[in-house]
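Colleague: Here is my input; please provide its structure:
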Amino acid sequence: MIDLKYLCAEIEKAARETSVFILKESKGFDINRTEKKGLNDFVSYVDKGSEKMLVEKLGLLVPEAGFVAEEGTSKKIGLKYCWVIDPLDGTTNFLHGFHPYAISIALKEYDEIIAGVVYEVSGNESFTAWKGGGAWLNGFRIHVSEAMKLADSLVATGFPYSDFKLLDSYMKCLTHFCKYTHGIRRLGSAAIDLSYVACGRFDAFYEYGLHEWDIAAGMLLVREAGGRVSDFSGNESNLTGEEFVAANSFVFAEILEIVTKFMKN
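Modeller: Residues are numbered from 1 along each chain as shown. From the prediction side, this is the model:
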C-alpha cells in the first residue's frame, strides 16, 4: 500500500529540484536552440533535460511504475503503476521568457489517477492532490470557487495551435463566453489552468487537442478540490485530453451544455 500523502511530498520535492535547472536555463535562453515537433509544437533541451531528471527521481519512488512522458525519455511499461509527466507545460511561454510554465506529474494505478503535482516554476506554487486526500497549495487546503452561474464566472481556455479542424466552432464558443461571462483568460499551460480552477482563481476551463500529460495531475486537483471534469460529451472517465471541460460543481452543467452545443454540432 502506497502512502499517497508521503508520495506527493516526494513528488513535490522532485519537481522543486528539477525547477532549479529550468530556472537556471531560463536566464539567457537562446530560442534558436529549439526543435520543432510539429506545427507550432516546440521542444528544447530544457524539456528533455527536465524529463530525464524527473524520470530518474520518480523511478526511485515507485520502481515498478512505467512512464508516459511527453518527450519519450522512458518507454518503461508498468503493469499496475504509471507516471504521467509533462516536464515543462507551457514550453512556448518558456521559449519567449513569458510566465507561467509548470512541471506536471501524476501517478496512475491501472486507469485511475491517485496522485498529482503541478509545480508552477515561475511562481513557486506547488499544487498537490492525492486520492481521497483533498487538494493543496503550498500546504494549505484549496477548493473550487462558489460561483453559481457562468455569468459570474471567469473562464480559462487554450487556443488551438496545431489542430485547427474545430477552429470555427471554437471561435463561436469563445465569442459566447466573451459576451456572457466575466471574461476569458489564456495562460498557455493547461496544467496551470486546471490548478487555478482547483483553487478558485478560475471558475471553469475548456480546451480541445490536449494530451494525457497536460491534464492528468490537474484533473485530480480539480476533482479533489470539489470540481468536475469531463469530455465534451459529458464522459468523466478515461479522459485523454482530446476534449476537456473542468469547472466547479455549480457551473459545470452549464459550461458543458454550451461547449457541447458549439463544439459537437
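
Colleague: Residue 213 falls within a helix, correct?
Modeller: Yes: using DSSP: H, G, I helix; E, B strand; the rest coil, the secondary structure at residue 213 is a helix.

Colleague: Just the CA coordinates for the helix or strand harbouring residue 12, please, in CSV.
Modeller: Residue 12 belongs to helix 4-26 when assigned by DSSP states H and E. Extracted in CSV, the C-alpha atoms of helix 4-26 (Å, rounded to 0.1, in the frame of the first residue of the first chain):
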residue,chain,number,x,y,z
LEU,A,4,-0.1,8.8,-1.0
LYS,A,5,0.4,11.8,1.2
TYR,A,6,4.1,11.0,1.7
LEU,A,7,4.4,10.2,-2.0
CYS,A,8,3.0,13.6,-3.0
ALA,A,9,5.6,15.3,-0.8
GLU,A,10,8.3,13.4,-2.5
ILE,A,11,6.9,14.2,-6.0
GLU,A,12,6.8,17.8,-5.0
LYS,A,13,10.4,17.6,-3.9
ALA,A,14,11.5,16.1,-7.2
ALA,A,15,9.6,18.9,-9.0
ARG,A,16,11.2,21.6,-7.0
GLU,A,17,14.7,20.2,-7.5
THR,A,18,14.0,20.0,-11.3
SER,A,19,12.7,23.5,-11.3
VAL,A,20,16.2,24.8,-10.3
PHE,A,21,17.5,23.5,-13.6
ILE,A,22,14.6,25.1,-15.5
LEU,A,23,15.1,28.5,-13.9
LYS,A,24,18.8,28.4,-14.4
GLU,A,25,18.4,27.7,-18.1
SER,A,26,15.7,30.4,-18.5
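
Colleague: Let me see the mean pLDDT of that helix.
Modeller: Averaging pLDDT along helix 4-26 yields 95.

Colleague: packing partners for that helix?
Modeller: helix 45-61, strand 102-109, strand 112-120, strand 125-130 (3 or more CB pairs under 8 Å, 6 or more residues apart in numbering; DSSP states H and E). In this view, the C-beta of every residue, glycine as well, is placed from N, C-alpha and C.
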